[in-house]
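Visitor: Model the following, please.
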Amino acid sequence: MRELSRTDLHLALETCAAATGEREYVVVGAVSIVGPCAAPPPSLVMSADIDLFPRARESAEINAAIAARCGAGSEFEDENGFYVEGVGRWTLLSALPGWEERLVRVETPSAVVGWCLSALDLAVVKLDAARKKDLQYV
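Guide: Numbering: from 1, shown residues only. Model (predicted):
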């Protein structure tokens, strides 16, 4: 686990795009805070991973490609100190209505786009999860 940054998010997005061909992802979890807050307090971006899913189409095949290229235990993780976890819209079942309209766009230098949760939606999802780490995060 380490402090992750917008630069790390860019790397994750570009690596996922290379692995899957997808160019837009929804970023969920703690690191999504780098969308609405370019320089959040370190305690908000301490993580072992970045959670995301393709905005246009989700599939087990895409998640498998992400896991193979940059998932837990991958060479990517060894080189960068974090991994990427392919998740899905199911992670946002408790999000408030309109969460998609509040997404914050983050674009990499090669035009891969990460749509990060707003701080409000991130807090709501974490409060609903109610794990100790999520409650401490909020």
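
Visitor: Okay, buried residues for the lengthiest helix in the chain please.
Guide: Counting residues, the longest helix found in the chain (DSSP state H) is helix 6-20. Buried residues in helix 6-20, counted by 16 or more other CB atoms under 10 Å: 6, 8-17, 19-20. C-beta: built from backbone N, CA, C; applies to glycine.

Visitor: can you check stretch 34-54 too?
Guide: In stretch 34-54, counting by 16+ other CB under 10 Å, buried: 34-36, 40, 44-45, 47, 49-54.

Visitor: What mean pLDDT does the longest helix of the chain get?
Guide: Per-residue pLDDT values across helix 6-20 average out to 97.

Visitor: now swap in stretch 26-44 and tell me
Guide: 93.

Visitor: State the next helix or strand along the chain beyond the longest helix of the chain.
Guide: Using DSSP states H and E, the helix or strand that follows helix 6-20 in sequence is strand 24-28.

Visitor: Just want the angle from that following strand to helix 6-20.
Guide: 130 degrees (axes from the mean of the first three to the mean of the last three CA atoms, to 10 degrees).

Visitor: okay, strand 24-28 in PDB with CA atoms only?
Guide: Output of strand 24-28 as PDB, limited to C-alpha atoms (Å, rounded to 0.1, in the frame of the first residue of the first chain):
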ATOM      1  CA  GLU A  24     -12.900   5.400 -21.100                       C
ATOM      2  CA  TYR A  25     -13.200   4.000 -17.600                       C
ATOM      3  CA  VAL A  26     -15.200   4.800 -14.500                       C
ATOM      4  CA  VAL A  27     -12.900   5.000 -11.500                       C
ATOM      5  CA  VAL A  28     -14.300   4.000  -8.200                       C
END
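
Visitor: Any buried residues in it, and which?
Guide: 24, 25, 26, 27, 28.

Visitor: Pull the distance from the helix or strand that it is followed by to the chain's centre.
Guide: Proceeding N to C from strand 24-28, the next assigned helix or strand is strand 46-47, under DSSP H and E. How far strand 46-47 lies from its chain's middle: 12 Å, per CA atoms, centre = their mean, to the nearest Å.

Visitor: No more questions from me, cheers.
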